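Peer 1: could you work out the structure for the sequence below:
(one chain, ligands or ions: 2)
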Amino acid sequence: PVAWGYEGDIGPCNWHKYFPKAGGKRQSPIDIDTSATQYDGSFKPLRIHYDSHMCSSLTNNGHTFCMSVNSDQCNLSGGPLEDKYRLLQFHCHWGSDDTKGSEHTVDGHQYAAELHLVHWNTDKFKSADEAIEKNQGIAVLTAFIKAGKEHRGWNHVLSHFKDIKKVQGTSTVNEDFNPKCLLPENQTDYWTYEGSLTTPPCHESVRFIIFKEVVEVSSEQLAQFRSLCVCSSRKRDTGEDEHLVDNFRPIQPLNGRVVKASFQ
Ligand SMILES: COc1ccc(N2C[C@H](O)c3cc(S(N)(=O)=O)sc3S2(=O)=O)cc1
Ligand SMILES: [Zn+2]
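Peer 2: Ligands and ions are numbered 1, 2, ... in the order given. Here you go, the predicted structure:
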C-alpha cells in the first residue's frame, strides 16, 4: 500500500498522485458558510439506535485511533438518509494545540477536534468494503469538539490509550460503552452534504451529517489524543517519539454543492 500522511511529500497536496479520487469534485472536508446553507423541512427525525453491549476494539492505525464496532445492533436511519446504515467504526481528527484540529470549519472557524462515527449502507450493499466505494455507501455522524469541561464518556475510550500508544497497538473494549454518549444533546440541528472520505482513497461515497452543537472535553483529555505516537519504532533524530497530531485534511472546494440544514 502507498504511504500517505499529513505533512511533506506524502501530505494532502500530493494525495491525488496515488489516489486519483482525491482530486474529485465532491471532496471533504469543506467550510460550512452558514449564510449559504439551505433549510430542508423534508428531513425525518434522525434515528440513532446503538446498543451498549457491543464488543469493540481500539487500534492506533498511525493516522488516528479507530474504535471498530462489530455489532449489527448499532444502526442509523432517518434524517436525510433513504436507507439503513450500520456503525462500522469511530475515530477523531485533532491538532497539536486547542486552536486547530477539526476537518470541517464553520464560517472559517476551526475547532480543537472532530468526531466521526462511520456507518455503511446495509440496505444497498453486502459489505462495508463494497459500500465505501459507492455513492450513498457511507454516512458519517460528525460532532465538533472544543476545550472546556471534562467529558466523562470520553474517559471510557481514553482509559485504553496507554495500550495503543504505539502504532498497531490494539485494545479490546468490552465494558458497557455506548458511543451515543459522545454525541451532543441536541441531535435535531445539523448540516448535511455529499462528500468523500477525508483520507485516501478519498472515495466520493460519504453523506456527512454534522451536528451544530459542539461537544466539550477538557484540555487534559485533548492532550491525551496527542499522546498517541505515529509509528512503532521511528524516533526523531532527537530520540523522542513522534506524536500523532494535526491529522486533519485541509478544506476542499465546494464546487457548487449546497449544504442543507435541518433547522431554520
Ligand atoms: C477496504 O478499504 C477501506 C476500508 C476502510 C476505509 N476506511 C478508513 C478511512 O481512513 C476512512 C476515513 C473516513 S472519514 N475521515 O470519516 O472520512 S471513514 C473511513 S473508512 O472506515 O471507510 C477505507 C478503505
Ligand atoms: Zn474521519
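Peer 1: roughly how far does the most centrally placed residue in the chain sit from Q264?
Peer 2: The centre of the chain sits closest to H116, judged by Cα atoms, centre = their mean, with a distance of 2.4 Å. According to Cβ to Cβ, to the nearest Å, H116 and Q264 sit 26 Å apart. For the C-beta atoms, the positions are set from N, CA and C on the backbone; glycine is no exception.
Peer 1: likewise N75?
Peer 2: 28 Å.
Peer 1: please apply the same query to L88.
Peer 2: Taking Cβ to Cβ, one finds L88 at 32 Å from Q264.
Peer 1: L222 now?
Peer 2: Distance from L222 to Q264, by Cβ to Cβ: 33 Å.
Peer 1: can you pick out the residue with more neighbours from the two?
Peer 2: The residue with more neighbours, out of L222 and Q264, is L222; 22 against 6, by other Cβ atoms under 10 Å.
Peer 1: next, A131: phi, psi?
Peer 2: Per-residue torsions, A131: phi -60, psi -30 (degrees, to the nearest 10).
Peer 1: check contacts around it.
Peer 2: W120, N121, K124, F125, G137, I138, S205 (Cβ atoms under 8 Å, 6 or more residues apart in numbering).
Peer 1: just those now: which is nearest E240?
Peer 2: Of all those, I138 has the smallest distance to E240: 36.6 Å, by Cβ to Cβ.
Peer 1: correct me, but that closest one touches H119?
Peer 2: Yes: assessed by Cβ atoms under 8 Å, I138 is found in contact with H119 at 6.9 Å.
Peer 1: got the residues of the stretch 51-200 of the chain near ligand 1?
Peer 2: L88, Q89, H116, V118, D129, I132, V140, L197, T198, T199 (Cβ under 6 Å from any ligand atom).
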